[in-house]
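Engineer: Need a 3D model of the following:
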Amino acid sequence: MTQNDIRQLTDKRITEIRNTPSIEPLGRIIYVDPDGDDSNDGLSPQTPWKTLEKIHSANEDGTIHSGDTVLFRRGGLWRGFFTVLVPNVTYSAYGQGQKPRIYSAPRNYADPSLWQETSAPNVYLCADKFDRTRDVGFIALNGGDIYGIKDIPIFSDKDGCCVQHDKRYPLNGFFDVKEDCHFFHDWRSEKLYFCSHKGNPGDRFDSIELSLRTNTISVYADNVTIDNICIRHTGSHGIGTGTLKNLRVQNCEFGWIGGSILPSSYSKEGLVRAERYGNGVEIYGGCDGYVIENCLFYQIYDAGMTFQYMVGEPDDNSSMLNILFKDNVTIDCYYSIEYFLYITHPTNPSHVDNVVFEGNILSHSAYGMCMQRTDKVGGAHIKAKYVANCGENFVMRNNIFNEGAVNLFAMGIEQKNTDYKCAFPKMEGNTYVQHKDRGYGFYRNVSDPSDPLTYSSDKFGPDEHRRILMQDPTATIIEADDEVLVIGREFGE
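Structural biologist: Numbers count the residues shown, from 1 in each chain. Modelled structure (predicted):
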């Protein structure tokens, strides 16, 4: 296999994902169409509901029943979010054409009437206001060909003033935003400012999509399937959940996700510690049955796919069981896959077991929009820095780990409860591609530093190759050239 083979295989897989037919609906069918009417009964393509708000309220008032299938019309575009509260419901697509799309912002801001000049040179004020609950995490311009850089003010004790979170120049207000395509969301005034050196951004760009802080789909019910939905331009998670059972996400697309400020990062004065977040699909909590299959993830601020939790109580069993990530494609995510289980109490029964990552193509971690992060040295395809009680029934097989701007892996395990075994995942038949002057990464057994698989390296040469083959004897190893898989218009509107 060569890098060109990987590129061709990636293109083929993306085409297949984007053209996957909808699943056969079961039970009562509810239809949703942007040209519909929420006063309709929703029970036929001729009488569809219209809005995400209707789906949200129907979950709350019981109009949606367990066993229903909710279908969005292909080719349609919705703006907003909804919450799933009813168990045993499938959300999918009907009709012909591209997958139904859901974006977080109420409109496309490529309209000169939505931007006005300010007293600061080249700085424009958006006509709409956004409070901190709708923090603007990211701005995609011209379908993602260009993207905005978020300037965040943090207080510097050294300088005695507010500075930009990354480059540390003064940032006390919109008048300090001077670099082209940088933006500043002032949470105290709820105003959004954008710096454009080439005139009104509404004239300059064909599309301006804001990513607002929200989960596009929040799931608080068991036995839910999300199929054939395209989720883009949201500041939190594409799909976000807590502890649940049997979540299946398949044949979906996720792009330009994340970048908003974590709610816990705000001070009383409205300043922040510059902690941002946003994953494609996240379970935060325990799970039993979690499948992500045949999905496309690109331009994700944090992780494409993740399951994670911090367990504080000694009896809180938040085990992560029966997980399958299969045949997915990730490109330009800071982490392609992230998982962790933090346990503070040694007798807590939480553990990770029966997990398979198989047939995934994971390309170019820590490239793209996530490069505006301040922690530029942590990106990896597999981020599992702290995983307590990681069982032996965990395997990664036939995946392609294709280049990382920093590392391929950042993996750590720790045996907290002696009732459970603890081991690194088994690696079988994977392909490893990396530049020789970039990192292999690290494997770290906190409980047993003498573990023969424990290793750390910021290079990818003969010694690293030997280490890979020690753990994955049937591996394919490729030293990368300078080619980078560029994400642009091919993933645009």
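Engineer: wait, isn't G278 in contact with I261?
Structural biologist: No - contact criterion CB atoms under 8 Å: G278 and I261 do not qualify, at 10.2 Å. Just so you know, the C-beta spots here come from the backbone N, C-alpha and C atoms, and that holds for glycine as well.
Engineer: Which neighbours do these two have in common?
Structural biologist: Common neighbours of G278 and I261, counting by CB atoms under 8 Å, 6 or more residues apart in numbering, are G137.
Engineer: Of those two, which one has the most company?
Structural biologist: A direct count of neighbours by other CB atoms under 10 Å for G278 and I261 places G278 higher, at 28 against 23.
Engineer: Which residue is the nearest non-sequential neighbour of that one?
Structural biologist: By the measure of CB to CB, 6 or more residues apart in numbering, the closest residue to G278 outside its immediate chain neighbours is G258, 1.7 Å from it.
Engineer: which ones are touching that neighbour?
Structural biologist: G258 makes contact with 137-138, 211, 234-237, 276-279, 300-302, 370 under the criterion CB under 8 Å, 6+ apart.
Engineer: Among these, which lie within strands?
Structural biologist: Using DSSP state E to define strands, the subset of those located there is 137-138, 211, 234, 276-277, 300-302.
Engineer: quick one: which of the residues you listed has the most company?
Structural biologist: Within the ones in strands among the contacts of G258, neighbour counts (other CB under 10 Å) peak at T234, which reaches 35 neighbours.
Engineer: Let me see the confidence value for that one.
Structural biologist: For T234, the pLDDT comes out at 98.
Engineer: Please name the nearest non-neighbouring residue to it.
Structural biologist: Nearest to T234 is S104, by CB to CB, 6+ apart, at 4.1 Å.
Engineer: from what I can see the one you found touches G238, true?
Structural biologist: No - S104 is not in contact with G238 according to CB under 8 Å; the separation is 9.9 Å.
Engineer: higher neighbour count, these two?
Structural biologist: Ranked by neighbour count (other CB under 10 Å), S104 and G238 place G238 first, with 33 against 29.
Engineer: OK, contacts around the residue nearest to T234?
Structural biologist: 79-81, 210-212, 214, 216, 233-235.
Engineer: re the thing from before, got any residues that touch both of S104 and G238?
Structural biologist: T216.
Engineer: Do me a favour and get the end-to-end distance for stretch 79-88?
Structural biologist: Stretch 79-88 has its terminal residues 25 Å apart, counting by CA to CA, to the nearest Å.
Engineer: Quick one: mean pLDDT over that stretch.
Structural biologist: Across stretch 79-88, pLDDT averages out at 98.
Engineer: Stretch 314-334 too?
Structural biologist: For stretch 314-334, mean pLDDT is 96.
Engineer: just the contacts of G258 now: which is nearest K178?
Structural biologist: K178 lies nearest to F138 out of those, by CB to CB, at 19.9 Å.
Engineer: The residue nearest to T234 and S456, how far apart?
Structural biologist: According to CB to CB, to the nearest Å, S104 stands 39 Å off from S456.
Engineer: Please tell me I have it right and N417 contacts H351.
Structural biologist: Yes - under the criterion of CB under 8 Å, N417 makes contact with H351 at 7.2 Å.
Engineer: Looks to me like D5 is in a strand.
Structural biologist: No - assigned with DSSP: H, G, I helix; E, B strand; the rest coil, D5 falls outside any strand and is helix.
Engineer: can you list the weak-confidence ranges in the stretch 201-350 of the chain?
Structural biologist: Within the stretch 201-350 of the chain, the segments meeting pLDDT under 70 span 265-274.
Engineer: Show me where it has its strands.
Structural biologist: 208-212, 217-219, 224-227, 230-234, 239-241, 244-250, 253-257, 260-261, 276-277, 281-284, 287-293, 296-311, 320-326, 329-343 (DSSP state E, counting those that start in this stretch).
Engineer: for these, which one sits closest to N398?
Structural biologist: Among these, the nearest to N398 by CB to CB is strand 320-326 (9.6 Å).
Engineer: Got the domain ranges for this structure?
Structural biologist: Following automatic domain parsing, one finds the domains of the chain at 3-20+228-491, 112-209.
Engineer: Can you lay out these as CSV showing distance to D61?
Structural biologist: Below are these laid out as CSV (distance: least, CB to CB, whole Å):
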stretch, distance to D61
domain 3-20+228-491, 21
domain 112-209, 23
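Engineer: Just name the most buried of those domains.
Structural biologist: With neighbours taken as mean count of other CB atoms under 10 Å, the domains of the chain reach their highest mean count in domain 3-20+228-491, at a mean of 20.
Engineer: Including distance to C126, could the strands of the stretch 201-350 of the chain go into TSV?
Structural biologist: Listed next are those as TSV, based on distance: least, CB to CB, whole Å:
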stretch	distance to C126
strand 208-212	8
strand 217-219	26
strand 224-227	31
strand 230-234	15
strand 239-241	26
strand 244-250	33
strand 253-257	18
strand 260-261	16
strand 276-277	20
strand 281-284	28
strand 287-293	35
strand 296-311	21
strand 320-326	38
strand 329-343	26
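Engineer: mind checking which of those is nearest K150?
Structural biologist: Of the strands of the stretch 201-350 of the chain, nearest to K150 by CB to CB is strand 276-277, at 7.7 Å.
Engineer: partners of the closest one in the sheet?
Structural biologist: Strand 276-277 has its sheet partners listed here by DSSP bridges as strand 260-261 (antiparallel).
Engineer: Return the distance of the strand it pairs with from the chain's centre.
Structural biologist: 13 Å (CA atoms, centre = their mean, to the nearest Å).
Engineer: Need the residues touching each of N417 and H351.
Structural biologist: 388-389.
Engineer: quick one, strands of the stretch 351-493 of the chain?
Structural biologist: For the stretch 351-493 of the chain, strands defined by DSSP E, counting those that start in this stretch occupy the ranges 352-358, 361-365, 380-388, 394-397, 400-404, 407-414, 426-428, 431-434, 439-445, 455-457, 476-479.
Engineer: Now A58: phi and psi?
Structural biologist: Here is the backbone geometry of A58 (degrees, to the nearest 10): phi -70, psi -30.
Engineer: who's in contact with it?
Structural biologist: Residues in contact with A58 (CB under 8 Å, 6+ apart) are 30, 49, 64.
Engineer: Return the member of the contacts of G258 nearest to R13.
Structural biologist: Once CB to CB is applied, the member of those that ends up nearest R13 is I300, at 17.2 Å.
Engineer: roughly how far apart are that closest one and L324?
Structural biologist: Applying CB to CB, the value for I300 to L324 is 20 Å.
Engineer: that older thread, okay, the ones in strands among the contacts of G258 in a markdown table with distance to G42 next?
Structural biologist: A markdown table is the format used below for the ones in strands among the contacts of G258 (distance: CB to CB, whole Å):
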| residue | distance to G42 |
| --- | --- |
| G137 | 32 |
| F138 | 33 |
| S211 | 29 |
| T234 | 25 |
| R276 | 37 |
| Y277 | 34 |
| I300 | 32 |
| Y301 | 34 |
| D302 | 35 |
